[in-house]
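**Student:** I would like to see how this sequence folds:
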Amino acid sequence: MPSRKLRVAVLFGGKSAEHEVSLVSARAVMEGLNPKKYDIVPVGITKEGCWLAAPNALELLTSGTADKGSAGPLLPPPDRQRQGIDPVRSKHQLCLDHGESREAHFALSPLHTNTLHLASNGIDVVFPVLHGTFGEDGTVQGFLELAGVPYVGAGVLASAVGMDKIIQKQLFAAAGLPIVPFRWYESREVKKSGRSVVERVEKAFRYPIFVKPANMGSSIGITKAHNRHELLAGLRAAVHFDRKILIEKGIQRAREIEIAILGNHDPVASVPGEVVSSNEFYDYNAKYVDGKSVTHIPAQLPPRLSLRLQNLALRAFRTLDASGMARVDFLLSADGKRAYVNEVNTIPGFTPISMYSRLWEASGVPFSKLLDRLIALALQRHKEMRALARRPL
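**Tutor:** Just a heads-up that it's a prediction; the model follows:
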């Protein structure tokens, strides 16, 4: 770590359904960063996809009063040898919005005085606290790779695969990791012939059955079906969130175990934690709304089982070629004999109730030190990537 203070851009908000969760995580991260070590640069992304680099960006997004006219979009610099992210001016506000075309004439220029400068030599590292699509799925990671800026967490590949529950499970199966039996269907097939899909699912699995959008987090769009009517309703709900739908066999009375991973080449696993949901499963309401779910850190598990789950978590982390951080979630049978890797979350929550930081706290790594280590890992990975040859030797 350099002796001088590092400028850390904390990136939050975004266009996903987890926008509000991201804001809470960002506040915790910015409050947890040691001001003696870091200068914090808040960078918010509105629900429309407009970037806002301003000292009060978090407050503006939280209150819903972000002035789009005062924010400028950010782009990689034209000179690849120059590390940073440059602002642009546009005739019309330029939002990074898929599906909506906006005329924009822009040229690289300094930011207005009411925003913070994100240009060459301005930012040492970016800390993305973006949950869900357009942030956790490799899109922002690819943008930062083009900009040549170090960033916390997994790279493009691991981020993209970690977001796609179907591809993730296929890789886990290929690696010999234990997973819950599953099927998947394209949303267009569900829309065209939902009852036919239901019949095929019923031939494969007994109820209960879980229905999940392939690329969502925070349990958004997930339903648990106990009969044909609920299964069809769950399928019709899930198609609003993704073009692919995951169907999983339900595990009766399963325990939900989570383990945090930290590291690059030699990752380490935290103590396991257990979530006891206030609802039938750990849905969005149970996670963030009713406040009735209970966590046990560390989880009450036999030492040998804890070690087994930690080893499985590390294998899952490496299977995705992840780096920096991740939270690995398991389903454990009621008798404790069968454990299934459920999913890997490459940008876990940093809210006050989120498991990732709490698991490391219980493992002897306080929050501020955890943030230090994540930033150091980001700088290490960036240095190694920059040292690679990019043209024939």
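
**Student:** quick one: low-confidence residue ranges for the chain.
**Tutor:** Scanning the chain with the threshold set as pLDDT under 70 gives 1-3, 67-121, 216-219, 278-292.

**Student:** how far out from the middle of the chain is the helix or strand hosting Trp184?
**Tutor:** Secondary structure from DSSP states H and E places Trp184 in strand 182-186. Put simply, strand 182-186 sits 22 Å off its chain's centre (C-alpha atoms, centre = their mean, to the nearest Å).

**Student:** which elements pack onto that strand?
**Tutor:** Judged by 3 or more C-beta pairs under 8 Å, 6 or more residues apart in numbering; DSSP states H and E, strand 182-186 is in contact with helix 165-174, helix 194-204, strand 244-249. In this view, the C-beta of every residue, glycine as well, is placed from N, C-alpha and C.

**Student:** in JSON lines, list the ones you listed along with mean neighbour count and distance to Phe330.
**Tutor:** Converted to JSON lines, the helices and strands packed on strand 182-186 look like this (neighbours: other C-beta atoms under 10 Å; distance: least, C-beta to C-beta, whole Å):
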{"stretch": "helix 165-174", "mean neighbour count": "18", "distance to Phe330": "12"}
{"stretch": "helix 194-204", "mean neighbour count": "14", "distance to Phe330": "22"}
{"stretch": "strand 244-249", "mean neighbour count": "23", "distance to Phe330": "14"}
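
**Student:** before we move on, back to that, may I see the buried residues of the strand holding Trp184?
**Tutor:** Applying a neighbour-count criterion of 16 or more other C-beta atoms under 10 Å, the buried positions in strand 182-186 are Phe182, Arg183, Trp184, Tyr185.

**Student:** about what we covered before: what would the helices and strands packed on strand 182-186 look like in CSV with distance to His131?
**Tutor:** Shown next, in CSV, are the helices and strands packed on strand 182-186 (distance: least, C-beta to C-beta, whole Å):
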stretch, distance to His131
helix 165-174, 15
helix 194-204, 29
strand 244-249, 18
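
**Student:** nearest to Ala147, out of those?
**Tutor:** helix 165-174 (26.0 Å; C-beta to C-beta).

**Student:** by how many degrees do that closest one and strand 182-186 diverge?
**Tutor:** Orientation check (axes from the mean of the first three to the mean of the last three C-alpha atoms, to 10 degrees): helix 165-174 against strand 182-186 gives 140 degrees.

**Student:** can you map out the strands along the stretch 101-250 of the chain?
**Tutor:** 106-108, 125-128, 182-186, 209-213, 223-225, 244-249 (DSSP state E, counting those that start in this stretch).

**Student:** likewise the stretch 251-393 of the chain?
**Tutor:** Counting by DSSP E, counting those that start in this stretch, the strands of the stretch 251-393 of the chain are 255-263, 268-269, 273-276, 294-296, 324-332, 339-345.
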